[in-house]
Structures are given as C-alpha cells and as structure tokens.
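Visitor: Quick one, fold the following:
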Amino acid sequence: MAGISLLFLVGCSAGKAGTEKHSEKQAPVLLESAELRLPMQEYLFSSAEQEQLDRGRSALVDRCLRRLGQKEGFALPGAPTGAPDVMDRRYGVTDAAGARAHGYHLRDDPSSRPAGTRPRQPDAQLAGLLHGEAGRDGHAKIPEGGCIGEADRALAGPKGAIGPTESARQLNFRGFTGSRNHPRVTQALDAWSACMKRKKYEYPDPLAAMSDPRFRGKTATPLEREVAAADVSCKKETDLIGVWFAAETAVQKELIARNPEDFDTARKAKQSQLTQAAAASRKS
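Guide: The predicted model follows:
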C-alpha cells in the first residue's frame, strides 16, 4: 500500500541497527492468530458482540411482530453461535490440533448440519411483516421497512445502519491487503511456500492451500488433513503469523491516525448499538 510505512521494521530509530537486529532475534514466534488483536477489533464486532447485537435485534423484531398480531415470534437468523472471530483464520489455519483433526474445515461447518437445525424461513405473510414489502392490507401500522427496519433504527439510529461503519469495514480490508503486499510479508510467504514444497506440497501462499478445490467436500480427507498440518508447521518454522501480524498492525495504526474522527465515530456507533441491544434483550 503506497505511502504506508511499516514501523515494526525498525527499532527506536533507523540508526540503531544493532538494537533492531537484537529485537528481531528475540521476537517470539507467533502462531495462534485467534489469540492476537489488531487495532481494527476496537471498531468491528467480535463473535460474542455480534451475538449480543443479534439477540437485541431479534427481541425488537419479536416485539414488533406481536404488536402486529403475530401470535408466534420469529427468531432472526444471525451469526451461528460460536462463529469464528475475525482473527481466527485471517492468515489461514493456525491451530495445529484442529488442522490434524479437521483439515481446513471448521469444527462446526453450517453446511454439514442436519436440515432440522437450520433456521426456518418465513412464509409470504410473515416476510411482509418483517420487511414491509407485502401484506400491508389490513396492517396499516406496519412500520417503514417492516419490523426489521424498525429494529435496526432502534439499534443504530434513523438510518438503521446496523453493524460496523464503512470506515471500520475498509480498515479490515485495507489492513489485510496493504500488509499482504509488503516486502517483509512476501518474503515470509516465499519462505512458507518453500517449506511446503519440501514437504511435497506446492502452494504460493496459505490462502491458496485453504481454497484447494480438492478440499471442498463436507468432511476433511486424509490428504487435506496432511496438507493443513504441514501448513501450520511451516507457519511456525517461518514465523509467518508474527511477521504478517506486525505488518498489519502498523498498517492499521497509520490508517486510523489519518482519520481519527472517523474511527472515533465508528467506536461510538459500535458501543451505542451494543448498549441498545442489551437494553432490548433485558426488556424481552
């Protein structure tokens, strides 16, 4: 990313080469990306926070439906309970035990769930109440945008812009792409690829390994588990996670420093939504 300096590459100053070299030598090898925290996470919703938001939203929608005469409530489908946080696989799979057991598959893959465990779909009449798109005859009091629109405005204000702000979403995207193309990260990726080649697997980077078409089945194959285990081993050998995380941290900090007011707004918007969601859940 042009114009973004990665401060993690130097020590206190560019002239302290000895200090820089020593700090690099002493730096711990990082592996479990789920345990790391990037600056963007102050503005995005964690899985627990998203569940809190979904519960509050569902409570508001249910209240609206009952007010309109719907006898049975409707639970909005939100993120699956226990869904991975944004860091869980940001740099590919990093859990050695999980890789050996599940390959690149999630422990709880929604596509493999029995049909009876998936959220039910609303019928046409209920969809009209939820979205305000149909069935207004006899329901003159359906709010604009339906019960979902009403709930979103209660949580996020008049525009109903629920979830992270656009600035927070862009920070997520630009932080990843900007760090991915930095020379220190590309060097680490090349080292990872060479490590994998020594193990008889050829991939340019971990994301290519994860997206291998051979690994798209409902369950992991023995080959997938072997490749995933080698992937994690090579990440440890090359400290790919540590290098990439340091790079992305620096990129994100500089992006935030360029637009502090935008990110102050993003932080406040997130906190306000969580506060409103908690209040809605308590009243249900």
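Visitor: where does Val93 fall, phi/psi-wise?
Guide: With angles defined as degrees, to the nearest 10, Val93 shows backbone torsions of phi -70, psi 140.
Visitor: can you tell me how far Lys218 sits from His102?
Guide: 12 Å (C-beta to C-beta, to the nearest Å). For glycine as for every other residue, the C-beta is placed from the backbone atoms N, C-alpha and C.
Visitor: who has more neighbours, the two?
Guide: Higher neighbour count among Lys218 and His102: His102, with 19 against 8, using other C-beta atoms under 10 Å.
Visitor: What is the neighbour count of the spatially closest residue to the more buried one that is not a sequence neighbour?
Guide: Distances taken as C-beta to C-beta, 6 or more residues apart in numbering place Ala220 nearest to His102, at 5.3 Å, with adjacent residues excluded. Residues contacting Ala220 under the criterion other C-beta under 10 Å number 20.
Visitor: where are the low-confidence patches of the stretch 101-250 of the chain?
Guide: 108-121, 134-140 (pLDDT under 70).
Visitor: do that again at 50, thanks
Guide: Counting by pLDDT under 50, the stretch 101-250 of the chain has low-confidence residues at 111-118, 135.
Visitor: What ranges does it have for its helices?
Guide: Residue ranges of the helices in the stretch 101-250 of the chain, as given by DSSP state H, counting those that start in this stretch, are 124-131, 146-156, 166-180, 183-198, 206-210, 222-238, 240-258.
Visitor: so which of those helices comes closest to Glu32?
Guide: helix 240-258 (7.8 Å; C-beta to C-beta).
Visitor: The closest one versus helix 166-180: what angle between them?
Guide: With axes from the mean of the first three to the mean of the last three C-alpha atoms, to 10 degrees as the basis, helix 240-258 and helix 166-180 are set at 140 degrees to each other.
Visitor: And Leu60, how far from Gln271?
Guide: Leu60 sits 18 Å away from Gln271, going by C-beta to C-beta.
Visitor: What residues does Asp88 make contact with?
Guide: The contact partners of Asp88, taken as C-beta atoms under 8 Å, 6 or more residues apart in numbering, are 33-34.
Visitor: how about it, secondary structure?
Guide: coil (DSSP: H, G, I helix; E, B strand; the rest coil).
Visitor: For it, give its distance to Gly98.
Guide: 10 Å.
Visitor: Setting aside sequence neighbours, what's the nearest residue to the residue nearest the centre of the chain?
Guide: Nearest to the mean C-alpha position of the chain, by C-alpha atoms, centre = their mean, lies Val86 at 2.7 Å. Closest residue to Val86 apart from its sequence neighbours, by C-beta to C-beta, 6+ apart: Leu44 at 5.9 Å.
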